[in-house]
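Trainee: I'd like to go over a predicted model; first the sequence, then the structure.
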Amino acid sequence: MNVLVYLVPAALLLGLTGLIAFLWTLRNGQYEDLDGAALRILADDDLEKHTDPR
Amino acid sequence: MTEAVDFSTFVERKADGTAHMALAIEGIGCAGCIRKIEGGLTKLPGIVDARVNFTQRRLAVGWHDDAIDAARIVSELERIGYRAHPFAPERAEANETQHAKWLLKCLAVAGFAAMNVMLLSVSVWSGNVSDMTSETRDLFHWLSALIALPAAAYAGQPFFQSALKALRARHTNMDVPISIGVILALGLSLYETATHATHAYFDSAIMLLFFLLCGRYLEQAMRRKTRLFAGNLASHKAAFAYRLDGNGELTQVPVAALRPGNRVLVRPGELIAADGAILTGVSEIDEGLVTGETVPRAVRAGAFVYAGSTNLIGALTMQIVAAGGGSLVDEVERLLQKATEAKSSTVRLADRTARLYAPVVHATAALTALGWLVGGASVHDAVVTAIAVLIITCPCALALAIPAAQVVAAGQLFRSSVILNSGDAIERLAEVDTVVFDKTGTLTLPDREVETSAIDPDLLERAARLALSSHHPLAAALARQARLRAPYAGAVEEPGRGVRAAIDGEEARLGSAAFCGIDAQIEAARAPAGTSFIAFAHDGQVARIAIGQALRPDAVAVVRALQARGLDLIILSGDRPDAVAAVAAQLGVKQWMASLTPAEKIAVIETLKSQRRRVLMVGDGLNDTPALAAAHVSLSPITAAHLAQVHADALFLGERLTPVLRAVEVTRRARALMRQNLVLTVIYNACAVPIAVAGLVTPLIAAVAMSGSSILVTLNALRAQLSVAPSRKPAGEAARPPAQDGSLADTTMEPVR
């Protein structure tokens, strides 16, 4: 059972990392425009010549 | 329009010298729009930042004041092809956004804790049936406590705060048993852990919070979405007014920037932006939106006019006064206050259940403890069993049962172009047995319509094209009939009389009868009430074009469908009896009353209420506002007067009446689902409580029972989503009255998904 000494903290740490990452995205305003984000990925801003999508 | 537009009320200045503004944008529909708007703006000099929020159909833009101004930005957007409406977000909306963020944070913390505690709990459960030592189990329990206690202290705040508030006000709500359950479960688990016991309920407590927060967040998101959309619509409607400044200069300002004491110029055809007294000018105004009266009122200096009236003939200057200056506004305000106070705060289904639920559950727990003590069990065992009863009955499913159904119903209403102002409107709409309609602007279209049937189409086309050159509101209705949307060259408008132009070398005139050389006597001939005439003369031909209020295209079908569902329909109008009688006959509504004042409308509604009827009031005018507030539940078209919109429980969009029918249908189904869900939770409790009372509940059983019941009620609520495909067309589309021309473009707005 000695394996628990580092497995349990590791599991908690991973969970905490996820929580902190989520709170960071929330603070960053990443959930304020969910539909927009889905569409922005389709825009090819990085290409020189592009046609209007749709 | 060359006048400068003053947007300063909407502009917010930051410390770094940049100015910022929020705009609601019409017509954003695809990914291309985002790039077009952002790209188009950032090309301008001085723009610091332009960011479209596609979900909200809004744009946040920042700029340097010395390089560009707000008016330039709006006109640039117009050039790109988007109408932009600056707005200041309402305070309520900002609060909602803040609250949503807080709930989401609580949800995240609860989710994190639930996952990790469950990880430890599952290990303990499997360890208990295999070879786990008690030391390891204690370690895991302590770890669970370490995670669950701070997490519950944080994520439980929404419930604890609400429960405290309710207790302070000396009543209980659903959050009281929730808080008690969570706190007891945590306390008991801590004690059990300290005494090296086998079972701890950390996972149950934190999972309960997680499920409940999901429900809370969904409910809140639904409210926020509709409020946001309503905010956008309000800003789309926000008009501009021409303010006369001290030095006699004319500034175009948003209506929101007008203050009492300002002087405003209102030109013919324009909407009067605020209540006020006329200083100079003579005109006629159309107060259909305010009083329901369809015949224009003649006004001169000193007369009081209301926001929402349309100025018909002559230019007016008026001084804005704060509400309270006019008799009607005074009256409406007074009635409104009374109606709002008198409105018996209808107890929501959820709260009614909570009132019943909390005493029953707590009594059961107490009896359980007592029973075990009498049966000879130790105090510890008796208390543990009692707390297990509280945990298993903790109203997890109950707290989800109603919000889940509400969220689904609100989504369906949204797709049927109904926007809810208040969350409990769903329950109240479902209970309706009587529908009271206002006539003008509610059963009829807010804009006037041309009676096209009696006129030679070719002549009509010429008249309509000539009407394109006029600012008169009647001409505007006629102009919509023009197939070729090109005005005649050289058309001249003579204010107060009409418009003339040379068509094929012959002079054509459109306007008053005298202006067109028609004998005014003919015009006096008996015409349907509320109908106005425009005369047209060209090339020896003359025509009198009738322009009047037209019923909403699906009004007859909707009225029939409502009657078929057993609802009593009544028309209460401020308009004259003959006009109301005609509409009532056309619709087949037997009960109607005309020439009602706001006070009389309320009186009728009060009478209906005293007969224990649940009244749905559908109205749009300022004169309907007290009645809207007094009725059990109320609906307004989006074209309604501002005050009416504020007091209506829900708004509907577009020129059809179908949303009214859909609102009743959807909410009735939602109520049925809520009841089903409540029955499901009762069945669940009926099964789970005996097990708990018998002392057989382990944390594993509690976890399975709780999540199982929550998922069950949520799935049941989602059933409504599957069973009905949203139909936007009314059932009897073909039954539209023949007199109304269907050629008008359908202006139904597609709500933001």
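Mentor: Cool, the structure landed.

Trainee: can you tell me which residues contact B:Ala155?
Mentor: B:106-107, B:109-110, B:113, B:206, B:209-210, B:213 (C-beta atoms under 8 Å, 6 or more residues apart in numbering or on different chains). All C-beta atoms are positioned from the backbone trio N, CA, C, and that covers glycine.

Trainee: Look up which residues are beta-bridged to B:Val266.
Mentor: Beta-bridge partners for B:Val266, by DSSP bridges, are B:Leu316.

Trainee: just the contacts of B:Ala155 that are near chain A?
Mentor: B:Val109 (C-beta under 8 Å from any C-beta of the partner chain).

Trainee: In three-state terms, label B:Leu279 for me.
Mentor: strand (DSSP: H, G, I helix; E, B strand; the rest coil).

Trainee: The closest residue to it other than its chain neighbours and B:Glu270: what is the separation?
Mentor: Using C-beta to C-beta, 6 or more residues apart in numbering or on different chains and skipping residues adjacent in sequence, the residue nearest B:Leu279 is B:Thr317, 4.8 Å away. In this view, B:Thr317 and B:Glu270 are 12 Å apart by C-beta to C-beta, to the nearest Å.

Trainee: Which residues lie in contact with the residue positioned nearest the centre of chain A in this structure?
Mentor: Taking C-alpha atoms, centre = their mean, the centroid of chain A lies closest to A:Thr25, which sits 6.9 Å from it. Each residue near A:Thr25 by C-beta under 8 Å, 6+ apart is listed here: A:Tyr31.

Trainee: Could I get the pLDDT score of the residue of chain A found nearest chain B?
Mentor: Closest to chain B within chain A is A:Gly36: 3.1 Å, counting by C-beta to the nearest C-beta. Confidence at A:Gly36, expressed as pLDDT, is 84.

Trainee: who's in contact with it?
Mentor: B:34, B:52-55.

Trainee: B:Leu700 too?
Mentor: Counted by C-beta under 8 Å, 6+ apart, B:Leu700 has contacts B:Trp125.

Trainee: Torsion angles phi and psi at it?
Mentor: The phi/psi pair for B:Leu700 (degrees, to the nearest 10) reads phi -60, psi -50.

Trainee: What about the contacts of A:Gly36, which one has the most neighbours?
Mentor: The most crowded member of those is B:Val52, carrying 26 neighbours; neighbours defined as other C-beta atoms under 10 Å in any protein chain shown.

Trainee: part of a strand, is that residue?
Mentor: Yes - assessed by three-state DSSP, B:Val52 belongs to a strand.

Trainee: who touches the nearest residue to it once chain neighbours are set aside in this structure?
Mentor: Residue nearest to B:Val52 in three dimensions, not counting chain neighbours: B:Ile34, with 4.7 Å by C-beta to C-beta, 6+ apart. Taking C-beta under 8 Å, 6+ apart as the contact definition, B:Ile34 lies against A:36, A:39-40, A:43, B:28, B:52, B:54.

Trainee: could you pull out the helices for the stretch 551-700 of chain B?
Mentor: B:555-564, B:577-587, B:598-610, B:625-630, B:642-647, B:658-693, B:699-723 (DSSP state H, counting those that start in this stretch).

Trainee: Please work out which of those helices is packed deepest.
Mentor: helix B:625-630 (a mean of 29; mean count of other C-beta atoms under 10 Å in any protein chain shown).

Trainee: Residue of chain B closest to chain A, please.
Mentor: B:Phe54 (3.1 Å).

Trainee: Surely B:Ala274 and B:Leu258 touch.
Mentor: Yes - counting by C-beta atoms under 8 Å, B:Leu258 is a contact partner of B:Ala274 at 5.2 Å.

Trainee: overlap in contacts of these two?
Mentor: Shared contacts of B:Ala274 and B:Leu258, defined by C-beta under 8 Å, 6+ apart, comprise B:241, B:264, B:320.

Trainee: how much space between the last one and B:Arg243?
Mentor: In other words, B:Ile320. 9 Å.

Trainee: hey, what's in contact with both of the two?
Mentor: Counting by C-beta under 8 Å, 6+ apart, the residues touching both B:Ile320 and B:Arg243 are B:258, B:262-264.

Trainee: Can you check which helix is longest in chain A?
Mentor: Ordering each helix of chain A by length in residues (DSSP state H) puts helix A:4-27 first.

Trainee: Check which residues of that helix are buried.
Mentor: Residues A:8, A:11-12, A:15, A:19, A:22 are the ones in helix A:4-27 that count as buried (16 or more other C-beta atoms under 10 Å in any protein chain shown).

Trainee: show me which of these neighbour chain B.
Mentor: Okay, of the buried residues of helix A:4-27 touching chain B (C-beta under 8 Å from any C-beta), that's A:8, A:11-12, A:15, A:19, A:22.

Trainee: Next, the residue of chain A closest to chain B: phi, psi?
Mentor: phi -60, psi -40.

Trainee: Would you map the strands across the stretch 51-200 of chain B?
Mentor: Counting by DSSP state E, counting those that start in this stretch, the stretch 51-200 of chain B has strands at residues B:58-64, B:83-86.

Trainee: re earlier: run the chain-centre distance for the helix or strand the residue nearest to B:Val52 falls within.
Mentor: Per DSSP states H and E, B:Ile34 falls inside helix B:31-42. How far helix B:31-42 lies from its chain's middle: 29 Å, per C-alpha atoms, centre = their mean, to the nearest Å.

Trainee: go on, stretch B:698-708?
Mentor: For stretch B:698-708, the distance to the chain centre is 39 Å (C-alpha atoms, centre = their mean).
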